[in-house]
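Q: just need the structure, nothing else, for what follows:
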Amino acid sequence: MTDSHRYILGMRVDATSYADAIRKIIEWARQGESRYVCVANVHMVMEAHADAEFRKVVNGADLVTPDGMPLVWLLRRVGFNKQQRVYGPTLTLSLCESIEKEKIPVGFYGSSTEALEKLVSNLKDHFPGLKIDYLYSPPFRQLTETEDCRIIDDINASGARVLFVGLGCPKQEGWMADHRGHIHAVTVGVGAAFDFHAGKVKQAPSWLQNIGMEWLFRLLMEPRRLWKRYLVTNSKFIWLLTRSRFLGNRR
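A: A predicted model of the protein is given here:
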């Protein structure tokens, strides 16, 4: 866990970079360590603010990257002047590039079977040497203990040392925390990156991402699913920031 971090409304966010995050993940993967990485945005901060148990899950992660531009701006405001966004979909591609070179086995857990197949096909086009040893789309329900044990055994038997998890927040973070110490891999929760790289969901243009307006693009693409997250949750986030001492070295 890095010492370069701040707590935003009680949730830890690390001052890191693509290079730093990839270096850590590769190092942990080489050693076969069981770790988990959260990719944080405003939605995650608000989930953590509302749920103390979920806040413990995120604060207990081995690395929490600033995925959302508001978190990047807040880190810059408190002294991390060169902080850049460490965006889940970009981290996924950059990490796959490094994993391919390092010949580290990788796995993918989450989304639908169709999306996973398309995701793998697209990644193989870009990274033909990528060694994908595990692929699983879990059912959209609570797993039985027997099913969960089988999944753990299958992941470990596959040899995958980095496991991308795409279950969506907060489910994926809880799953990663529950399985640290059981799965012999670094789990990286990248959420919508699965659907983006599978071509199911269109990504916002980079210029919109850079000015922090990706949320508007995504809202226009999926208004029924995302209206509450972006219009209600984001407004509450801003309101809480204006009335709280939201940043600090402690929780």
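
Q: identify each buried residue in the host helix or strand of D20, please.
A: In the assignment (DSSP states H and E), D20 maps to helix 18-30. If you call a residue buried by 16 or more other CB atoms under 10 Å, then helix 18-30 has these buried ones: 18, 20-22, 24-26, 28-29. C-beta here means a position set from N, CA and C on the backbone, and glycine is covered the same way.

Q: need phi/psi at L71.
A: phi -70, psi -40 (degrees, to the nearest 10).

Q: confirm for me that it is in contact with V39.
A: No: contact criterion CB atoms under 8 Å: L71 and V39 do not qualify, at 10.5 Å.

Q: look up how far T92 lies from the closest residue to T113 other than its chain neighbours.
A: Take T113 and drop its neighbours on the chain: the residue closest to it by CB to CB, 6 or more residues apart in numbering is S137, 4.5 Å away. Distance, S137 to T92, using CB to CB, to the nearest Å: 17 Å.

Q: do the same with H184
A: 21 Å.

Q: neighbour count winner among these two?
A: Ranked by neighbour count (other CB atoms under 10 Å), H184 and T92 place T92 first, with 23 against 18.

Q: so where is the protein shaky, pLDDT-wise?
A: Per-residue confidence for the chain (pLDDT under 70) gives these ranges: 1-3, 201-202, 204-205, 207-213, 215-232, 245-251.

Q: okay, helices next: where are they in it?
A: 18-30, 42-50, 52-59, 69-77, 88-102, 113-126, 145-158, 171-179, 193-198, 206-210, 214-221, 223-227, 234-243 (DSSP state H).

Q: out of the ones you listed, deepest packed?
A: Mean neighbours per residue, mean count of other CB atoms under 10 Å, is largest over those for helix 193-198, with a mean of 24.

Q: now it, how far from the centre of its chain.
A: Here helix 193-198 is found 12 Å from its chain centre; the criterion is CA atoms, centre = their mean, to the nearest Å.

Q: and that helix, what does it pack against?
A: helix 88-102, helix 113-126, strand 162-166 (3 or more CB pairs under 8 Å, 6 or more residues apart in numbering; DSSP states H and E).

Q: distance to S244 added to those, as CSV?
A: Shown next, in CSV, are those (distance: least, CB to CB, whole Å):
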stretch, distance to S244
helix 88-102, 26
helix 113-126, 38
strand 162-166, 30
